[in-house]
Every structure is written in C-alpha cells, then in structure tokens.
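Novice: All I have is the shape, not the residue letters:
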C-alpha cells in the first residue's frame with residue numbers, strides 16, 4: 001500500500017447511478033486525468049464504494065485500460081440483513097468496474113452493533129465476502145467504520161478482517177486504542193478523510209495556518225498521522241489532478257517528523273490552554289458519556305471538541321459543517337446537537353466528568369456559536 005490513497009467520492013458526476021452516456025465529457029475527462037495523475041506520483045490504490053453514486057461506473061471506463069497488476073482497487077459494500085442482496089450488490093460493483101476481481105473489499109459502515117451482527121452472523125455478509133474471496137473475485141476483506149470504540153473493538157477482536165478504514169487525525173484521536181488493536185491483529189490501517197473530516201484543511205482559517213507554520217495545516221496533519229508507524233495509508237479525496245500536490249509535500253519531511261512536529265503540537269496545545277485554561281485543556285474529555293448514554297442522545301464529546309476547535313483555532317466553518325450534521329446523518333455521524341440542553345437533566349450522565357457543572361453552559365455556547373441550517377452527508381445531497 002502507498003502512504004496515500006486515491007479516494008473516489010469527490011470526482012464522480014453524481015451520487016446516483018446513471019447511464020454512462022449522461023456523464024458530461026469534461027467530468028469523465030477530469031476523473032481520468034485524476035487517476036492518471038495519481039498513478040504518475042505512485043498512488044496506485046484506487047478506493048471507491050457502491051454508495052458513491054456513479055464513481056464505480058466512471059472508474060470502469062479507465063481502470064481496464066491500465067496495467068491491472070500495478071493497481072490496488074478497493075470497493076465497499078454496506079452490510080445488510082439480506083446477505084444475498086450484499087452478493088448482488090457486489091456483482092453490480094464488479095460489473096461497473098469492469099474488472100475480474102477487486103484487491104480489497106470493505107464492508108462499508110459497520111457503524112452499529114446491528115450492522116456488525118448482519119456482518120458476522122452465520123450466513124451473513126462476511127461469509128458471502130469470504131465466498132467471493134474463495135472464488136477469486138476478492139483478495140482481501142476489511143471494513144470501514146464510524147462506530148463507537150466498543151463496536152470497532154468487537155469487530156477487530158473477531159480476527160476476521162485484513163484491514164480497517166476509520167477516522168483518526170490530530171483534532172480527533174479517539175480511535176487510537178482501535179488502531180493499536182488493529183495492529184495487534186496484523187490489520188492494515190487506512191485513515192478516512194484526514195483532510196476534510198479532519199478539519200476542512202483544504203481551506204483552513206488563518207488562525208490555524210499561523211499555528212501550523214511553517215507547514216500548511218494539511219501537511220502538518222498528514223505528517224502527524226504518518227509519523228505513527230501504526231498507520232499505513234491516508235485517503236486523499238481528490239476532485240481534480242492537482243489535489244495531490246499539497247499532500248505530496250509531506251513525503252520529504254517524513255524522516256524529520258520528530259524534529260518538525262513538536263513545536264507545532266506545542267503551539268496547538270497552548271492555544272487550547274490560553275482559551276480555556278489548563279484544567280479544561282487536559283481533562284475536558286474525561287468521563288464524558290457516549291451519545292447513547294446521554295438524555296436526548298446529545299453527542300457531548302463531539303460538541304465540546306467542535307467548540308474547542310472553533311474558539312482556539314478559528315475553525316468556525318468546520319465546526320458548523322460538522323455540528324449541523326448531528327441529528328441529520330444517522331449512524332454515519334450519530335447523536336444529536338445541543339438544542340435541547342436546557343430541557344434535559346444531564347447531571348446523571350456527567351457524574352464522571354470533572355467539569356460536570358460547566359458542561360451544560362458549554363453545550364449551549366456551542367449551539368449559539370455553531371448552529372445553523374441542517375447539513376446532510378454528501379451522499380444525501
């Protein structure tokens with residue numbers, strides 16, 4: 001695996017299937033130019049999903065023209081209660097891609113205990129994937145996840161998967177224990193959307209630019225992630241050929257990460273202290289309940305994180321984008337926003353937090369700062 005992957009959810013024409021003849025010429029040309037640029041710079045892992053609309057079908061117009069042995073092609077299929085439907089969906093993906101096999105098949109979005117059960121039960125989606133593997137249509141099997149740490153840990157502990165796609169980057173390191181577990185099980189670790197979900201780093205606020213200097217926030221985040229040998233590849237969700245360029249600046253810095261990163265990390269940590277005080281900066285996450293253990297399903301850890309980032313780093317736009325997805329994105333970004341904080345009694349769910357008295361007001365402050373029009377996932381738009 002290369003240390004960067006070419007993610008396939010931003011260059012396709014639509015989030016729905018459509019005939020190839022309806023794809024505009026310039027969109028298909030841009031996609032093909034993006035793939036060729038990816039290969040030119042050594043990024044031979046092309047990652048897509050059945051849920052990415054026309055992505056697979058459009059990739060099927062170029063991938064068969066390229067040397068197959070030089071490609072690592074990954075698609076992802078969402079698990080469901082109907083394992084035969086999972087098989088039919090995979091067949092559709094392979095037909096769209098116009099390939100005889102995929103190198104990597106991911107069970108897409110094992111985000112809840114129910115979806116994990118659909119995957120693992122006898123006769124379930126994992127068993128189908130293993131049958132496809134035995135037939136030579138799949139080489140390796142993994143899963144992608146936006147789940148709670150406990151659900152991710154359960155999936156890893158089965159020892160049934162070769163790799164995992166999950167979120168982890170500088171601003172949100174919650175899943176580190178899952179990464180450590182994946183390493184113990186000899187799994188590949190692929191980081192989802194380190195730049196966009198990791199802070200909308202393609203368009204960072206000036207405050208964050210200043211804190212990350214002399215690196216750009218994108219290069220800092222890439223270098224931070226790749227300085228951990230437990231992480232093997234980062235997704236680059238390229239929408240055009242030049243979108244790889246900033247990421248590639250990271251490669252010449254890898255051997256100097258121990259020298260370059262500490263002063264930037266120190267500035268970032270101090271910015272939190274300066275805004276909120278040392279006690280909050282060091283312990284705000286301690287004892288927080290998960291959204292499903294909180295009245296009204298309020299996602300307290302995520303809301304407080306977004307407030308911290310907005311105030312200390314100027315990441316208002318990112319905070320609004322993520323905050324207003326709460327209650328609207330289902331199990332892909334679960335939990336509710338802080339709108340109902342004043343209606344609900346949160347005391348029992350905050351008994352383990354050293355900041356239990358401050359948190360309700362912090363939640364309301366976050367709502368005042370970040371609330372706006374509801375935001376949908378890209379695939380819902």
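Specialist: Nice, I can see it. All values derive from a computational prediction rather than experimental measurement. Residues are numbered from 1 along each chain as shown.
Novice: Tell me how far residue 14 lies from residue 53.
Specialist: Separation of residue 14 from residue 53 (CB to CB, to the nearest Å): 5 Å. Bear in mind the C-beta positions are built from the backbone N, C-alpha and C, glycine included.
Novice: of the two, who's got more company?
Specialist: Per other CB atoms under 10 Å, whichever of residue 14 and residue 53 has more neighbours is residue 53, with 21 against 15.
Novice: neighbours of the residue lying closest to the more buried one once chain neighbours are set aside, just the number please.
Specialist: Leaving aside its sequence neighbours, residue 53 sits nearest to residue 15 (CB to CB, 6 or more residues apart in numbering; 3.8 Å). Neighbourhood size, residue 15 [other CB under 10 Å]: 16.
Novice: so residue 15 sits right up against residue 52, yeah?
Specialist: Yes. Contact criterion CB atoms under 8 Å: residue 15 and residue 52 qualify, at 7.4 Å.
Novice: give the contact list for the closest residue to residue 74 other than its chain neighbours.
Specialist: Counting by CB to CB, 6+ apart, residue 74 lies nearest to residue 104, which is 3.7 Å off, once chain neighbours are set aside. By CB atoms under 8 Å, 6 or more residues apart in numbering, the contact list for residue 104 reads 47, 72-75, 138-142, 162-163.
Novice: just checking, which of those belong to helices?
Specialist: Applying DSSP state H to the contacts of residue 104, no entry is found in helices.
Novice: what ranges do the strands span in the stretch 201-350 of the chain?
Specialist: 233-236 (DSSP state E, counting those that start in this stretch).
Novice: which residues touch residue 291?
Specialist: Residue 291 neighbours (CB under 8 Å, 6+ apart): 297-300, 302, 334-336.
Novice: Among these, which ones are in helices?
Specialist: Short answer: the contacts of residue 291 in helices (DSSP H) are 300, 302.
Novice: shaky segments in the stretch 251-381 of the chain?
Specialist: 374-381 (pLDDT under 70).
Novice: all helices for it, in order.
Specialist: Using DSSP state H, counting those that start in this stretch, the helices found in the stretch 251-381 of the chain span residues 257-276, 278-283, 300-313, 316-323, 359-370.
Novice: Can you tell me which of the ones you listed is most buried?
Specialist: Among the helices of the stretch 251-381 of the chain, helix 300-313 has the highest mean neighbour count (mean count of other CB atoms under 10 Å), at a mean of 23.
Novice: so what does that one touch, helix or strand wise?
Specialist: Secondary-structure packing of helix 300-313 (3 or more CB pairs under 8 Å, 6 or more residues apart in numbering; DSSP states H and E): helix 206-212, helix 257-276, helix 316-323, helix 359-370.
Novice: For residue 184, find the nearest of those.
Specialist: Closest approach to residue 184 among these (CB to CB): helix 257-276, 23.4 Å.
Novice: now the closest one: how far from the chain's centre is it?
Specialist: Taking CA atoms, centre = their mean, to the nearest Å, one finds the center of helix 257-276 at 24 Å from the center of the full chain.
Novice: Between helix 359-370 and that helix, find me the angle.
Specialist: With axes from the mean of the first three to the mean of the last three CA atoms, to 10 degrees defining the directions, helix 257-276 sits at 100 degrees from helix 359-370.
Novice: residues making contact with helix 257-276?
Specialist: Taking CB under 8 Å, 6+ apart as the rule, helix 257-276 contacts 170, 211-213, 215, 220, 223-224, 226-227, 253, 280-281, 284, 308, 311-313.
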